[in-house]
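1. quick one, fold the following:
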Amino acid sequence: MADDVVRYHRLYEFAIKDAMPAEVQFACDGQQALDALQKRPFDLLILDLNMPVMDGEQVLRTLRSNPNFDNMPIIILTGDSAAGTQKRLLEMGANDFIEKGSPPELFVARLRAQSRFKLTLDRLAKLAVDRDVFAAGVLHDIRNLETTIMAVSDLACEYLKQNPEGNKDVMLGDLAALEKKAAHLGEYATGIINMVRDTRTPPRFESLELPPLIHWVQKIIQPSRVEETPELAVTIAGDLLPVQADRNLLQLALLNIMQNAVKYRRPDTPPAMTISQSVSPKDGAGGTRVTTRFRDHGRGIRKSELRKIFKPFVRGFDNTGQESGFGLGLSMVAKVITTMSGYVWAELPESGPGTIFCVDLP
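-> Below is the predicted model of the structure:
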């Protein structure tokens, strides 16, 4: 808040903090306000017009010429209610006005309205960034697959020209690799479609017992031939409380979490997972929440990747790079758990190998 009448600062601060969780910083002139805004991000600016050194109009004009402040709401604090003045300031980039001497409830209502506006803009900006990152990742992976497929195809054609009969076995191997890459591309497309489709409709909440869902996932990921991939051994430590969730979305999250225990197991060690639960502090609505922990005993995640692992295309597992996949599974988990008003994060165990995936739900 930029206002040169210092004796009013404490009154404004009390009014704002009484109405919303906020931190208020004051400037006594326009230049101080600009200096503060350059040093750290602020969500909202209340700007007096008549100030020394640099007046409110100059500050407004300066901020709106800088794209870094495009999404910051600016409320003008003024005693000038003339339509011409307000029209000029709106055209310069002001978002709203608060007349000096207005009732406190009106002052607070305008602040809340602009805070909601800022929150919406921030969410839209994040969605735009996420969309661009997602699109770039999809394009990158498709280009890599395209390059591999074209290279294998060119090799097969070259062998055919040189010695069709003599290179028959090599050609068959290349064609098999080509078929595998094409199938991989199809799986990738299916994963992206599911990521959009499965979280598009509103969740249907019900009380769900976890053990039957866990056993269902075990059957789904059970290998057709034991010699190819060992079966996942699951240990449930203690009783598990039911959770309020959408059955399909929760099954999808469990499937992706438990599949990783098999996919990123340690060499020569059968995949295993221990599942436990604890009661979380009550949420803001007074309801009980539980945190279910899925600890695998695989190769683990690099500590530096723990905060990034739930973003699309991030593969933070300590792996050899030989496993198939595009880093979409855990981003799907984060999306569906968030859709169900839950939280998900990853931790490293205090001792031993593996990763702990924590899912917090009502």
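2. is residue 155 in a helix, a strand, or coil?
-> Following DSSP: H, G, I helix; E, B strand; the rest coil, the label given to residue 155 is helix.
3. for the stretch 251-362 of the chain, which segments count as helices?
-> With helices called from DSSP state H, counting those that start in this stretch, the stretch 251-362 of the chain shows them at 329-339.
4. what of the stretch 101-250 of the chain?
-> Using DSSP H, counting those that start in this stretch, helices in the stretch 101-250 of the chain cover 104-162, 168-197, 210-221, 247-263.
5. gap between the closest residue to residue 249 other than its chain neighbours and residue 174?
-> Counting by CB to CB, 6 or more residues apart in numbering, residue 249 lies nearest to residue 336, which is 4.2 Å off, once chain neighbours are set aside. Every residue, glycine included, has its C-beta placed from N, CA and C. Remark: distance between residue 336 and residue 174 (CB to CB, to the nearest Å) = 39 Å.
6. compare neighbour counts for the two and give me the winner.
-> The neighbour comparison of residue 336 against residue 174 (other CB atoms under 10 Å) goes to residue 336, with 25 against 20.
7. check what pLDDT that one gets.
-> Per-residue pLDDT puts residue 336 at 85.
8. ditto for residue 237
-> At residue 237, pLDDT is 92.
9. hmm, residue 273 and it touching each other?
-> No - counting by CB atoms under 8 Å, residue 237 does not reach residue 273; the two are 10.7 Å apart.
10. these two: who's more crowded?
-> residue 273 (23 against 11).
11. wait, what's in contact with the more buried one?
-> By CB atoms under 8 Å, 6 or more residues apart in numbering, the residues touching residue 273 are 232-235, 258, 261, 294-297.
12. highest neighbour count among the residues you listed?
-> Counting neighbours by other CB under 10 Å, residue 296 leads the contacts of residue 273 with 26 neighbours.
13. what's across from that residue in the sheet?
-> On the basis of DSSP bridges, residue 296 is bridged to residue 273.
14. isn't it right up against residue 266?
-> No - contact criterion CB under 8 Å: residue 296 and residue 266 do not qualify, at 9.8 Å.
15. lowest-confidence helix or strand of this protein?
-> Here the helix or strand of the chain ranked lowest by mean pLDDT, DSSP states H and E is helix 168-197, holding a mean of 68.
16. send the alpha carbons of stretch 338-353 over as PDB?
-> This file holds the C-alpha atoms of stretch 338-353, laid out as PDB (Å, rounded to 0.1, in the frame of the first residue of the first chain):
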ATOM      1  CA  THR A 338      -5.900 -33.500  -6.300                       C
ATOM      2  CA  THR A 339      -9.200 -33.900  -8.100                       C
ATOM      3  CA  MET A 340     -10.400 -35.800  -5.000                       C
ATOM      4  CA  SER A 341      -9.400 -33.000  -2.600                       C
ATOM      5  CA  GLY A 342      -6.300 -35.000  -1.600                       C
ATOM      6  CA  TYR A 343      -2.600 -34.500  -1.400                       C
ATOM      7  CA  VAL A 344       0.300 -36.700  -2.600                       C
ATOM      8  CA  TRP A 345       4.000 -36.500  -2.100                       C
ATOM      9  CA  ALA A 346       7.100 -38.700  -2.000                       C
ATOM     10  CA  GLU A 347       9.600 -39.300   0.800                       C
ATOM     11  CA  LEU A 348      12.800 -41.300   1.200                       C
ATOM     12  CA  PRO A 349      12.800 -43.900   3.900                       C
ATOM     13  CA  GLU A 350      15.000 -43.200   7.000                       C
ATOM     14  CA  SER A 351      16.900 -46.400   6.200                       C
ATOM     15  CA  GLY A 352      17.100 -48.900   3.400                       C
ATOM     16  CA  PRO A 353      16.300 -48.600  -0.300                       C
END
